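**Q** Sharing a model that was predicted from the sequence below.
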Amino acid sequence: MAWDHILGQDAARQTFLAALDRGRLGQAYLLVGPEGVGKRLFARELARAFLCERSPAKMTACGACPACAQVEAGTHPDLLFLRTPEGKHELPVAAMREFCAQLALKPTRGPRKIGIVEDADDFNEESANSFLKSLEEPPPGSLLLLIGTGTDRQLPTILSRCQLVRLAPLSDADLSAILVEHGIDDPAKSARVARLASGSASRALALADDSFWQVRQKLVEGLTAPRPSFRPLAETWAKFHEDAGKDSAAQRTRASIVLKFLIEAVEQALKLSLGAAVGGLDVAEQARLKAFADRVGTTGLLELLDRCVEADYHVERRVQLILVVESVIEKFTRHSK
Ligand SMILES: [Zn+2]
């Protein structure tokens, strides 16, 4: 991994380079951006560049020295990570204290220690408070990188003590390049996937998985058919979340993907009802969506669209997924009679 593998984040990188040029690299940064744009990769590459012992250029890792190898292997003694434990929703205060204590120790290999807080969205009052001293007076030479999805998710006490760097959603071209890198080089498929992925590489890679398209077919077809049956559809959808394992972020990604599929289908139905052309649909799909549009009507379609967009927002805000699923399916079954 090196900077040329981190797509779409040149502006963020320039922020750090410019700070170095002015001799004003800060000690605490909050990197924010949507899920799946490469925030963790970016932070790790930054850490590797700063810990590299034979750096060939400013903020560039050589990729060959022992420090680079240790960062790569996740064993560098001066690089610390703090994550929310699996199945939990908050950063535990005990882990936070341990992280701060480690950060305060002298670096082992080089001149600095770097601490990466991977889930800055998950601070609670207690863990935030136990972090404030380290944030205000970081140990000399240390660098703290906090990673979050948005500023509105951060406690003011944390936000006010960090310099903010925004990471951008990836362009469709960058997403296609990432898909090609993972062996998906059908241009029609990657164009469609990129369009549904909203700038997120993790979402694009998930969407490229054929099992996702099977679930899409079941749910989109089921919900746009006459008289959708609530229970089996809710079960299919919920099972799709459960198949992601216990990781709640992965479950939310899946919920959001289903909603993107539904939003796409409703938008296509709207277009068809207005007599506009819709590309990429086979004849049977077109007929089904047109009949769906006729049953539901324009007002109904717009309401469904609203509900799906609102549901996607709720997924991001960590509303219980089953509630989101049931409210969306209920809306579809009520409209499609
Ligand atoms: Zn190196």
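**A** All right, it came through fine. This one's a predicted model, so the numbers in the text were calculated from it and none came from an experiment.
**Q** Residue 109 reaches residue 78, doesn't it?
**A** Yes. Counting by CB atoms under 8 Å, residue 78 is a contact partner of residue 109 at 5.6 Å. Yep, even glycine has a C-beta here, placed from its N, CA and C like the rest.
**Q** shared neighbours of those two, anything?
**A** Common contacts of residue 109 and residue 78, defined by CB atoms under 8 Å, 6 or more residues apart in numbering, comprise residue 51.
**Q** Between those two, tell me which one has more neighbours.
**A** Legend: neighbour count by other CB atoms under 10 Å for residue 109 and residue 78, higher for residue 78 (25 against 15).
**Q** wait, doesn't the more buried one sit right on residue 107?
**A** Yes. Assessed by CB under 8 Å, residue 78 is found in contact with residue 107 at 4.6 Å.
**Q** any residues in contact with both of those two?
**A** Counting by CB under 8 Å, 6+ apart, the residues touching both residue 78 and residue 107 are residue 113.
**Q** Skipping adjacent residues, who's closest to the spatially most central residue of the chain in space?
**A** Centroid-nearest residue in the chain: residue 35, 1.2 Å away (criterion: CA atoms, centre = their mean). Once flanking residues are discounted, residue 35 sits nearest to residue 200: 5.5 Å by CB to CB, 6 or more residues apart in numbering.
**Q** number of nearby residues for that neighbour?
**A** Counted with other CB under 10 Å, the neighbours of residue 200 add up to 23.
**Q** ok, it touching residue 36?
**A** Yes. If you go by CB under 8 Å, residue 200 and residue 36 touch, sitting 3.1 Å apart.
**Q** all strands in the protein, in order from the N-terminus.
**A** Here the chain has its strands, by DSSP state E, at 28-32, 79-82, 114-117, 143-148, 163-166.
**Q** So for the ion, which of those sits nearest?
**A** Ranking the strands of the chain by their distance to the ion (criterion: CB to the ion) puts strand 79-82 first, at 12.8 Å.
**Q** ok so, going back, list the residues that contact the residue nearest to residue 35.
**A** Counting by CB under 8 Å, 6+ apart, residue 200 makes contact with 34, 35, 36, 37, 169, 170.
**Q** How about residue 314, nearest residue that isn't a chain neighbour?
**A** In this structure, residue 314 finds its nearest non-sequential neighbour in residue 324, 5.3 Å apart by CB to CB, 6+ apart.
**Q** where does the one you found land on pLDDT?
**A** In the predicted model, residue 324 carries a pLDDT score of 94.
**Q** Relative to residue 112, how far out is it?
**A** 43 Å (CB to CB, to the nearest Å).
**Q** So these two - more neighbours on which side?
**A** Neighbours were counted for residue 324 and for residue 112 using other CB under 10 Å; residue 324 has more, 26 against 17.
**Q** Just want the residue of the stretch 101-250 of the chain that's nearest the ion.
**A** residue 110 (10.4 Å).
**Q** for that residue, phi and psi?
**A** Dihedral angles of residue 110 (phi, psi; degrees, to the nearest 10) stand at phi -130, psi -160.
**Q** That one: neighbour count?
**A** Quick note: residue 110 (other CB under 10 Å) scores 16 neighbours.
**Q** got a list of what it touches?
**A** Shown in contact with residue 110 (CB under 8 Å, 6+ apart): 51, 53, 67, 78.
**Q** can you redo those residues as a markdown table with distance to residue 206 and pLDDT?
**A** Shown next, in a markdown table, are those (distance: CB to CB, whole Å; pLDDT from 0 to 100):
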| residue | distance to residue 206 | pLDDT |
| --- | --- | --- |
| 51 | 32 | 96 |
| 53 | 37 | 96 |
| 67 | 33 | 96 |
| 78 | 34 | 97 |
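**Q** As TSV, the residues you listed with distance to residue 162 would be great.
**A** As requested, those are exported to TSV (distance: CB to CB, whole Å):
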residue	distance to residue 162
51	21
53	28
67	25
78	20
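**Q** can you pull the contacts of residue 197?
**A** Residues counted as contacts of residue 197 (CB under 8 Å, 6+ apart) are 36, 175, 203, 204, 207.
**Q** Quick check: phi and psi at the first one.
**A** The phi and psi values for residue 36, taken as degrees, to the nearest 10, are phi 80, psi 20.
**Q** Wait, residue 228 touches residue 332, no?
**A** Yes. With contact defined as CB under 8 Å, residue 228 counts as touching residue 332 (5.6 Å).
**Q** more crowded one of the two?
**A** Shown here are residue 228 and residue 332; by other CB under 10 Å, residue 332 has more neighbours (24 against 20).
**Q** Count the residues that sit near the residue nearest to residue 33 when sequence neighbours are not counted.
**A** Ranked by CB to CB, 6+ apart and with sequence neighbours excluded, the top spatial neighbour of residue 33 is residue 167, at 3.2 Å. Burial of residue 167 is recorded as 23 neighbouring residues (other CB under 10 Å).
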